[in-house]
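> got a structure for you, letters missing:
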């Protein structure tokens, strides 16, 4: 498990996961905002979208840090 | 569950724990604890908060982010096992340390029952004879057996290996990501979400009830500090993994609630008991499904749902079983630690002569868990008791009863953690903090430059409001939660009096030496040097009369 976690393939898988989350977050946030308009009802969808993008960013940053460490 | 066997904890020689947990291990440790909560929380919140379930999760989620940041800062600064109990003990003194620890112990005992209960609920989606509503006696017997079995395994000293935890956590993250991906891309309809929020908005009472139940989806942050004691270079690793963990858990909770309210199901939902059509969220929140809502929701996701219906109940059950086991392990470990600092009688430090595990602690808190199980299951096992519950407690079902107490214990202990964080910022500014909660106001306190944490104040008011919601909306939690605290406090006062220890005041503690030992054992030598320099400066200022 430890060897797998330290491998390049695992790092790439995490990067792919980060991109999936960021893209999904953008889609969810945009669709909710487009449907609700400037209404507080859009808040949960927008926060979810932003959280997904933030997670994507954190994992992308981790990936870069792991590459630098190699 | 016991995919690997690790040696029993040696308790008689007070050995230090081996620091072998990697960043991924640290993440998965937390994930296997907190990640299981949404499997229990989703159905309960949908049943209570209806069309505002996503708002309930959002409110609780914001508070949870504050709590997570507080734990991250404290666990990185004080990387010792013990979690909230240790931070409060250190920041606020003995009696508050006891109250916080006792509230955490309530949560751990509920953790044991609630997750064992829900584990069987998930399995019942594949094995209908285990269904709580159809066969309550079978359900009760199996949950009882699971708890007894976990107690026995912990007494013998068998635990699941950390590699097993990592594997299950990894599988679950991939699985949940896939479910959300298919759900949001192929079935999520924002118009339906808005329609549900608009037309199925709950009463203020039900919304408060929903918020108080939503916090149970975010309980288990003790594992962050538990992992800190066994992580290599915790001050740098813990903040990194914690932020990722906090975001992941928040995303899953918000995603599932939004999806449940705004997803067009892949196939038809069965009609309710009166033959009327019902929306997905109501179906997930009813008594038949609220214990296994994630598995039911996953089965209605387009394309992937066919596969998810087969494996999500099993994966959920395994994750919940790990979480239930962490309740057995955690309660015994915290009771053992509290006993070592004379907050609980030395009885709780007694170890089994052969297996060298804290047998009294394990047996006691599993015993409490069994009592809670009986209280939770009684209404379904006995019709006369059901009538009593209906009259006195609004007819709360078993899993809601457990959820009540879980929310109370969590809100109570987290409230103290925020206060402890503020106190430690003010009175222990010498301890270096590699990670700090954002938004701080610098000022001078007793001649020292300190930073006042605004986020901790926001989090404190958030968690206190959730505690208030719990007290207002939960008939059982309102009585049983404070009763637990009061009885514990009476026991504490009697014990301290009989031992000749300070009853309301704290014993003298050499925190400087303790902190040096903690940082040295953690391998955080730079932090230890910084700490020594800070302490020296403070002593010089004190000698010069600049600091009281």
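That came through fine. All values reported here derive from a predicted model rather than from experimental measurement.

> can you list the weak-confidence ranges in the chain?
Defaulting to chain A. Low-confidence segments of chain A (pLDDT under 70): A:1-6, A:70.

> ah, no, chain B please
Short version for chain B, where the test is pLDDT under 70: B:1-26, B:159-162, B:224, B:226-227, B:229-230, B:393-398, B:548.

> which residues of it lie near chain A?
B:22, B:24, B:54-55, B:57-58, B:61, B:163, B:166-167, B:177, B:180-181, B:184-185, B:188, B:190-191, B:193-194, B:197-198, B:240, B:243-244, B:247-248, B:250-251, B:254-255, B:257-258 (Cβ under 8 Å from any Cβ of the partner chain). In short, each C-beta sits where N, CA and C put it, glycine included.

> kindly recompute the last result at 7 Å.
Residues of chain B lying close to chain A by Cβ under 7 Å from any Cβ of the partner chain are B:22, B:24, B:54-55, B:58, B:163, B:166-167, B:177, B:181, B:184, B:190-191, B:193-194, B:197, B:243-244, B:247-248, B:250-251, B:254-255, B:258.

> quick one: contacts of stretch B:336-344?
The contact list for stretch B:336-344 (Cβ atoms under 7 Å, 6 or more residues apart in numbering or on different chains) reads B:11, B:82, B:85, B:89, B:94, B:97-98, B:101, B:335, B:345-346, B:348-349, B:358, B:361, B:492, B:499, B:501, B:507.

> now a ChimeraX select for only the buried ones of those residues.
Per 16 or more other Cβ atoms under 10 Å in any protein chain shown, the buried members of the contacts of stretch B:336-344 correspond to this ChimeraX selection:
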select /B:11,82,85,89,94,97,98,101,335,345,348,349,358,361,492
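
> inside helices: which ones of the contacts of stretch B:336-344?
Judged by DSSP state H, the contacts of stretch B:336-344 include B:85, B:89, B:94, B:97-98, B:101, B:335, B:361, B:492, B:499 as members of helices.

> give the contact list for residue B:289.
Applying Cβ under 7 Å, 6+ apart, we find residue B:289 in contact with B:43, B:283, B:296.

> cool, and residue B:142?
Taking Cβ under 7 Å, 6+ apart, one finds B:120, B:130 in contact with residue B:142.

> roughly how far does residue B:232 sit from residue B:79?
Using Cβ to Cβ, to the nearest Å, residue B:232 is found at 11 Å from residue B:79.

> the two: which is more packed in?
residue B:79 (26 against 15; other Cβ atoms under 10 Å in any protein chain shown).

> enumerate the residues of chain A near chain B.
A:1-2, A:5, A:17, A:20, A:24, A:27-28, A:31-32, A:35-36, A:41, A:43-45, A:47-48, A:51-52, A:54-55, A:58-59.

> among the residues you listed, name the buried ones.
Buried by 16+ other Cβ under 10 Å: A:1, A:5, A:17, A:20, A:24, A:28, A:31-32, A:35-36, A:41, A:44-45, A:47-48, A:51-52, A:54-55, A:58-59, out of the residues of chain A next to chain B.

> filter the residues you listed down to the ones in helices?
Applying DSSP H to those, the entries found in helices are A:5, A:17, A:20, A:24, A:28, A:31-32, A:35-36, A:44-45, A:47-48, A:51-52, A:54-55, A:58-59.

> which strands or helices does whichever strand or helix holds residue B:294 pack on?
Following DSSP states H and E, one finds residue B:294 within helix B:293-299. In terms of contacts (3 or more Cβ pairs under 7 Å, 6 or more residues apart in numbering or on different chains; DSSP states H and E), helix B:293-299 is packed against helix B:37-49, helix B:234-262, helix B:280-285, helix B:305-340.

> go again with 6 Å.
helix B:37-49, helix B:280-285, helix B:305-340 (3 or more Cβ pairs under 6 Å, 6 or more residues apart in numbering or on different chains; DSSP states H and E).

> can you list the buried residues in the longest one?
Within helix B:305-340, the residues that count as buried by 16+ other Cβ under 10 Å are B:305, B:308-309, B:312-313, B:315-339.

> check stretch B:374-386 too.
B:375-380.

> which residues does that stretch contact?
B:136, B:140, B:389, B:398, B:401-402 (Cβ atoms under 6 Å, 6 or more residues apart in numbering or on different chains).

> quick one: the residue nearest in space to the middle of chain A from residue B:241, how far?
Per Cα atoms, centre = their mean, the C-alpha nearest to the average position across chain A is that of residue A:56, at 2.3 Å. In this view, residue A:56 and residue B:241 are 16 Å apart by Cβ to Cβ.
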